[in-house]
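# Quick one, what's the 3D model for this:
(chains A, B and C)
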Amino acid sequence: MVSQAIRTRALRSMFRASPVFALLWEQWRVTRGVMLFAVAVTLGIALPLHFAAAYIRSPLLDPSFVSLGAYFFSLLVVAIFFAVDYSSVDEVRLGIAARQQLLPMRRAWLVLGHFAYRVGMMGALAAALGLVVNALYSREATIPFEDGVTLAVCIMTYVLAISWTVGRNGLSVGFVTALVLVWPMYFSSLYVAHGVFGQGRYTPPLLFMAICSVMAIGGALQCHTTGGRTSAASRFVEREATSHTSKFTSPEQALRWLEWRRRGLVFPVVTILLGASYLSFILIVILLDHYAGLTLRVSLSTPDALLGWIVPGAAIITGMYHLFDDWRRSQSGQDSLVYLKPIPFSEILRNRLRVRITSVLTTFGMLSILCANLFLIAWSAGIPLEKWPIIHEAVSSIATPIAGIILSILVFAGFVSVCWALMGLPPIVVGVIVLWCCLRLAGQSYGPSMDSVFVVYGVGLTVVLALLYYAVAAWRKRTFTRKTVLVWCGLSVPFAMLAVPWAWMIRGSLDLDDVFVTGSALALGLGPALAVFHYASWVKRLRSR
Amino acid sequence: MHIHISPKNGVPLYLQIVNQVKYLVASGVLKSGDEILPIRGLAEKLLINPNTVARAYRELETAGILVKRLGAGTYVSAEGSPLAWSERLKILGERATGLLTEAHQLGVPVEQLIELIQKRSQELAWNETEGSKHE
Amino acid sequence: MSERTVADHETVAEVEGLTRRFGRTTLALDNVSLRVPKGSVFGLVGENGAGKTTLIKHLLGQYKPQSGTVRVFGESPIEAPEKVLAGIGYLSEDHDLPGWMRIDELINYTQAFYPDWDDTYAEHLLKTFELQPEAKIKTLSRGQRAQAGLLTALAHRPPLLLLDEPSAGLDAVVRRDILGAVIRTVADEGRTVLFSSHLLDEVERVADYIAMISKGKLVLCDSLDAIKAKHHSLTLHVEQPWTKPPTVPGALAVTGGGRDWTVVTDGRIEEARTAIRTLGATILEETTPSLEDIFVARSGRRSILEEG
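Have a look, this model is predicted:
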């Protein structure tokens, strides 16, 4: 509190000397940590990946895609940090820290200043990172300089448009329009349709930037003039975000709520784990190959053998996750909330088992599907295993599952720390980022039209994960009613009707091992599954009305 | 009604209340017919066990200092003051014990102590002014 | 409220010959027997690690008695935990509540288990403690956490309130809240409080009955009045300085040096007086020691005995 006051005073005196400098300095002070983070991310993760990909030159890990994915990932992370780097939710909405709101300056200038600084810094960062990447990786410039900067500015304006318009009615509509129309246009023009758009390839991104900018600035200003008053949409978001549980009428309800709420992060966490495991798996393989001269070849030729890898791997990861979760709970001492309540022990056990079985099965199912994709990609890439004699012998003499288990454990150990670092972010955001990035890395073998698939992936995964989150949240809060099912169907059925044919059109076929297809199938299936699972209580609630 | 409780000095808490109420009545702060705090109120104010307060009030009732009117609270009884003389002497007696102990430890004989008291009394000219003045 | 004697003979909790070992060497409770009368405030005192928490956990049915019996409301907490726990409001020593939970969630969760939950009382406590319902427990201070725990322990108006070291590490304001809650609880007819503490003046303020535990053994268990009546503190003066403490029958502790000594005795006061006179000392003052003096004297004797 004291340091805050001192800083406010320092800012004010600096402001009297030179307003522009004061604002610049303040912005820099607030965001320099993020900039450092971006450089660290790119140099620490993106570049090794990039070089490794370039070294391997496998058909899967094309360096231009790897580097572009990593580059895109780090820029997206920075953009999100830029957008949420405030001390409170209200500040995020207003777009300006409370300290600066007290400055004797017109709001419009303040908002504009913020916007310009953030977008400008993002562009500069993209340029610098692109320069470094291109300088180090000299064989072929994989990131067109101006494309990188354009991309970065687009990301930044897009993210600011989201965060500064959260829940404001008119702007939300504009935002959705932009999302649906301009974003795919941009990507298709940038990567796919060079020929079609010809000289005008920068028109769509500029249009996109303009729309996003107007929305962001307008949103921030509107928030100032209305004093942060929010629309119906934003109240809806708030209501969904806060867990206003209806009053529990029985101990069983309360117990089950506790069990679920405790492991409520299971979906986002599994998503993160998988994303991270995928990245670390590739990284390990690549780095081993690059530095030790060892080559891994997964000698899998049949889907049966593949399954042999997946099932034990997924089972082990599931088991370890649940053990880890139990250990975490024993550390946080919530047992007095369960064991010191006046209910028979058998009741506690029954509820716990029920929740545990459901969550274990769900975790295992999701892991299996995603693992299948992971190994399928590795398999189709034909990552060579021969130069690593121990693994090679193990694989050839014992059987593939053992090697799979060993690899799973290795991977698991590696990504747990990454996950905990990422847990600070809203899980849904991390999930989207990581999956997006993974898919970006994984999906290149489908030819040039892949990029529009990528667009579908991006938009699609956001929708799928949002739907998942919505359903799980509703279920957890025990507000899973007919309305939830209707909302679910109303969103997911049209989405699936649009997205699946699109994916099929572009790829020419529809494989169930496709993450996107399985993901949307899972999302579509989960809603009815949840409804059936809770059918009894749902009917009871309807009757009691 | 101002009562101060000190668990550290060893005197049972109910006795501390009894003594202080007696003192307040003797010194005229509490007059006959005054209503005193109910048991629960005093317990919450002093942060002590209501049973202790109840016990103190019982003792005071037995001593005739307090009187309970059914359903209407507890009051200082009409004959509270006449009884007070012996209480005054008792309170002073306790102080005198302390004073004598201290004098003994310092090696001051009793005669000199009495002289000192008389001298101090003259200095303060306490006898001439209103005797019941205090605090 | 009406007046009532604390010697109400109904018993809420009863422990008989309770012994508990952890491992082979640690004897946490050694043949402890005590009775908690209904409507009383029962203070459990003892140094850290004396076995107070272990005793409370036996009452809650978290530990099974290795030997001896434990009965709460006439039932065994092991055999009928739901019956026993329904009547207990418990505040644990370390206020172990999950950090992710919000206060309103905690209240909602807890109320599901108690049919007697009083919503208006819970609201009232929430306001009194100035707790924000939306606040997450991990953002609360230690004092607020204790208040939240206390709220969930009180709002179903339990016949028995169990507080394990409620004041440890808290500031004066929160300690006042807790003491106030204890007082209001006993002021309601027939409700009982058992609490452990090492803050002896706090115990002396509110307790009717005291059990003193030292290294797993019950050293003293009686009503506070009886304890006070039994113990005496004598201030002595001798003409010829003593070089070592005198032996006085019934003395728990002898402190001082030279010409001035203080003796804390239990019970046999006449014997002590005669012994002191025969030793040639004068008794300057005879007072009732505070609980703290008694506690110190008791633990003092223990260590002397162990040395001898």
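# And the pLDDT for residue 304?
Let's take chain A. The model reports A:Asp304 with a pLDDT of 44.
# actually chain C
Predicted confidence (pLDDT) at C:Ile304: the value is 39.
# C:Glu105 too?
So C:Glu105 comes in at 85 (pLDDT).
# got the residues of chain B near chain C?
Residues of chain B that fall close to chain C, judged by C-beta under 8 Å from any C-beta of the partner chain: B:5, B:7-14, B:39-40, B:43-44, B:46-52, B:54, B:57-58, B:97, B:101, B:104-105. For every residue, glycine as well, the C-beta is placed using N, CA and C.
# who's in contact with C:Phe295?
Contact analysis of C:Phe295 by C-beta atoms under 8 Å, 6 or more residues apart in numbering or on different chains lists C:45, C:200, C:212.
# For PyMOL, write the select line for the buried members of those residues.
Applying 16 or more other C-beta atoms under 10 Å in any protein chain shown to the contacts of C:Phe295 leaves a buried subset, and the PyMOL line that selects it is:
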select buried, chain C and resi 45+200+212
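# Could you identify the buried members of the residues of chain B next to chain C?
Buried members of the residues of chain B next to chain C, scored by 16+ other C-beta under 10 Å, are B:5, B:7, B:10-14, B:39-40, B:43-44, B:46-52, B:54, B:57-58, B:104.
# And for the closest residue to chain B within the stretch 301-450 of chain A, the neighbour number?
Proximity of the stretch 301-450 of chain A to chain B (C-beta to the nearest C-beta) peaks at A:Leu340, 26.4 Å away. If you count neighbours by other C-beta atoms under 10 Å in any protein chain shown, A:Leu340 ends up with 18.
# Quick check: it touching C:Ile56?
No - A:Leu340 is beyond contact range of C:Ile56, at 11.1 Å (criterion: C-beta atoms under 8 Å).
# can you list the domain ranges for chain A.
Per automatic domain parsing, the structural domains of chain A span A:1-228, A:259-424, A:447-545.
# pLDDT score assigned to residue 25?
All of this refers to chain A. Looking at A:Trp25, its pLDDT stands at 74.
# oops, I was thinking of chain B
Note for B:Val25: predicted pLDDT of 80.
# Can you give me the distance of the closest residue to C:Ser76 other than its chain neighbours to C:Leu91?
Excluding its sequence neighbours, the residue lying closest to C:Ser76 (C-beta to C-beta, 6 or more residues apart in numbering or on different chains) is C:Val70, at 6.6 Å. Using C-beta to C-beta, to the nearest Å, C:Val70 is found at 20 Å from C:Leu91.
# hey, which helix or strand in the chain has the poorest pLDDT?
Unless you meant another one, I'm taking chain A. Scoring the helices and strands of chain A by mean pLDDT, DSSP states H and E places helix A:194-197 at the bottom, with a mean of 38.
# Pick out the shakiest of the domains of chain A, pLDDT-wise.
Mean pLDDT is lowest for domain A:259-424 among these, at a mean of 52.
# List, one by one, the residues from the stretch 201-308 of chain C near chain B.
Proximity of the stretch 201-308 of chain C to chain B, by C-beta under 8 Å from any C-beta, involves residues C:201-202, C:204-208, C:224-225, C:228, C:233, C:235, C:237, C:260, C:284-285, C:287-293.
# The residues you listed in strands, which ones?
C:233, C:235, C:237, C:260, C:284-285, C:287 (DSSP state E).
# Between those residues, identify the one with the most neighbours.
When neighbours are taken as other C-beta under 10 Å, the top entry among these is C:Ser233 (20 neighbours).
# Could you verify my assumption that B:Val25 touches B:Gly64?
No - using C-beta under 8 Å, B:Val25 makes no contact with B:Gly64, being 10.6 Å away.
# The two: who's more crowded?
The neighbour comparison of B:Val25 against B:Gly64 (other C-beta under 10 Å) goes to B:Val25, with 24 against 13.
# name the helices or strands packed onto the helix or strand that contains the more buried one?
According to DSSP states H and E, B:Val25 maps onto helix B:13-26. Where contact means 3 or more C-beta pairs under 8 Å, 6 or more residues apart in numbering or on different chains; DSSP states H and E, helix B:13-26 is packed against helix B:50-62, helix B:84-106.
# Go ahead and name everything in contact with the last one.
So that's helix B:84-106. Helix B:84-106 is contacted by residues B:19, B:22-23, B:25-26, B:109-110, B:113, C:235, C:237, C:260, C:284-285 when judged by C-beta under 8 Å, 6+ apart.
# In CSV: the ones in strands among the residues of the stretch 201-308 of chain C next to chain B, plus pLDDT and distance to C:Asn108.
Output for those, formatted as CSV (pLDDT from 0 to 100; distance: C-beta to C-beta, whole Å):
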residue, pLDDT, distance to C:Asn108
C:Ser233, 84, 52
C:Thr235, 83, 59
C:His237, 80, 66
C:Asp260, 80, 62
C:Leu284, 78, 62
C:Glu285, 77, 58
C:Thr287, 80, 53
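# Chain A: which of those is nearest?
Nearest to chain A among those: C:Ser233, at 41.3 Å, using C-beta to the nearest C-beta.
# Which residues are in contact with the closest one?
C:Ser233 is in contact with B:10, C:262-265, C:286-289, C:293, counting by C-beta under 8 Å, 6+ apart.
# one more time with 7 Å, if that's ok
With contact set as C-beta atoms under 7 Å, 6 or more residues apart in numbering or on different chains, C:Ser233 has these partners: B:10, C:262, C:264, C:287-289, C:293.
# Quick check, pLDDT for C:Tyr209.
pLDDT, read off for C:Tyr209, is 91.
# excluding its backbone neighbours, what's nearest it?
C:Phe42 is the one closest to C:Tyr209 (C-beta to C-beta, 6+ apart), at 4.7 Å.
# burial of the one you found, as a residue count?
25.
# what about it, which helix or strand?
Remark: C:Phe42 resides in strand C:41-45, with elements defined by DSSP H and E.
# Quick check: next helix or strand after that strand?
Using DSSP H and E, the next helix or strand after strand C:41-45 towards the C-terminus is helix C:52-59.
# what's that following helix packed up against?
strand C:11-22, strand C:26-37, strand C:67-72, strand C:160-164 (3 or more C-beta pairs under 7 Å, 6 or more residues apart in numbering or on different chains; DSSP states H and E).
# before we move on, back to that, pull the most distant pair out of the contacts of helix B:84-106.
Largest separation among the contacts of helix B:84-106 by C-beta to C-beta: B:Val25 and C:Asp260, giving 37.1 Å.
# just checking, C:Leu163 touches C:Phe195?
Yes - in this structure C:Leu163 lies within contact range of C:Phe195 using C-beta atoms under 7 Å: 3.8 Å.
# does the helix or strand where C:Phe195 lies come close to chain B?
For C:Phe195, the host element (DSSP H and E) is strand C:192-197. No - using C-beta under 7 Å from any C-beta of the partner chain, strand C:192-197 stays clear of chain B, coming no nearer than 9.4 Å.
# after the helix holding B:Val25, next one along is what?
Using DSSP H and E, the helix or strand that follows helix B:13-26 in sequence is strand B:35-36.
# same for that following strand, what does it pack against?
Where contact means 3+ C-beta pairs under 7 Å, 6+ apart, strand B:35-36 is packed against strand B:73-76.
# Got the domain ranges for chain B?
Split into domains by automatic domain parsing, chain B comes to B:7-80, B:85-124.
# Out of the ones you listed, flag the one nearest C:Gly49.
Nearest to C:Gly49 among those is domain B:7-80; the distance by C-beta to C-beta comes to 24.5 Å.
# Please tell me how far that closest one is from the chain's geometric centre.
11 Å (C-alpha atoms, centre = their mean, to the nearest Å).
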